[in-house]
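> Here's a sequence, model it:
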Amino acid sequence: WIDRSNNRNIEEHYLRAFLKKKQGYEDSLVNRALHELNRVAGDQSRSLYDINKDVYGLLRYGVKVKEGAGDLTKTVWLIDWQHPERNHFVIAEEVTVPAANAKAYTKRPDIVLYVNGIALAVLELKRSTVSVSEGIRQNLDNQKPEFIEPFFTTIQLVMAGNSIKGVRYGTIGTPEKYYLTWKENSTVEDPLVRHLIQLCSKSHLLELIHDFVVFDSGYKKLCRHNQ
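Numbers count the residues shown, from 1 in each chain. Presented below is the predicted three-dimensional model:
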């Protein structure tokens with residue numbers, strides 16, 4: 001998506017299609033759910049942590065909406081947590097996102113993982129001769145207010161890697177020294193491929209997000225493998 005205009009962390013076309021065709025929701029419920037998700041994710045008056053926490057609540061527990069005044073509240077599930085394969089997965093490459101500050105550089109995350117049109121993970125890839133730490137620092141720069149902080153309001157998993165060291169992962173706001181390596185036995189020799197299979201298989205990615213995310217006194221945390 002390097003030359004695609006208006007790249008967003010909520011691609012409504014994909015999300016609307018999933019909610020209607022796979023989840024079977026009526027247009028009125030879909031419209032209200034999309035409005036609420038965009039309202040929460042787009043509220044730039046608060047910190048990234050607070051916005052991300054509220055977006056996570058909508059992902060994890062569904063969006064509570066009413067078809068009309070006096071109607072009962074219904075839950076619109078943006079992700080089918082029970083059946084991972086029913087969701088719509090997209091890997092977008094070179095996603096160009098304009099900086100929030102007009103004087104700042106445009107940013108271009110190497111890989112963005114979308115589920116039902118919602119950006120849930122980013123990955124910065126480096127050559128084998130370049131330290132993974134460079135990718136981590138690039139992710140941290142991207143989250144600064146003057147760059148593309150608003151894009152990270154939906155992001156759950158932030159990764160950097162190369163073919164020698166594999167992948168290190170964290171989430172929004174994770175300091176470099178706390179980025180983790182997923183340590184699990186595998187017959188796959190290439191560390192980059194091994195870590196990506198272990199972290200980002202469809203069912204495991206959704207399991208990590210659904211069951212192993214904690215918001216703790218201003219810090220968002222993910223689990224280690226042994227946890």
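> burial count for Tyr219?
Using other CB atoms under 10 Å, the number of residues around Tyr219 comes to 14. Yep, even glycine has a C-beta here, placed from its N, CA and C like the rest.
> Need the phi and psi values for it.
phi -120, psi 130 (degrees, to the nearest 10).
> Just the pLDDT for it.
Tyr219 carries a pLDDT value of 97.
> Relative to Ala102, how far out is the spatially closest residue to it that is not a sequence neighbour?
Distance criterion CB to CB, 6 or more residues apart in numbering; nearest residue to Tyr219, sequence neighbours excluded, is Gly173 at 6.9 Å. Between Gly173 and Ala102 the computed distance is 25 Å (CB to CB, to the nearest Å).
> Could you report the separation of Ala41 from Leu48?
Going from Ala41 to Leu48 by CB to CB gives 11 Å.
> just Val193 next, same as before
Distance of Val193 to Leu48, computed by CB to CB: 31 Å.
> Tell me which of these two has more neighbours.
Leu48 (19 against 15).
> can you pull the contacts of that one?
By CB atoms under 8 Å, 6 or more residues apart in numbering, the contact list for Leu48 reads Gln143, Glu149, Phe152, Thr153, Ile172, Gly173.
> Among those, which pair sits farthest apart?
Thr153 and Gly173 (11.9 Å; CB to CB).
> Those two: who's more crowded?
Neighbour totals were compared for Thr153 and Gly173, and Thr153 leads with 24 against 18 (other CB under 10 Å).
> so where's the protein shaky on pLDDT?
For the chain, no stretch is flagged by pLDDT under 70.
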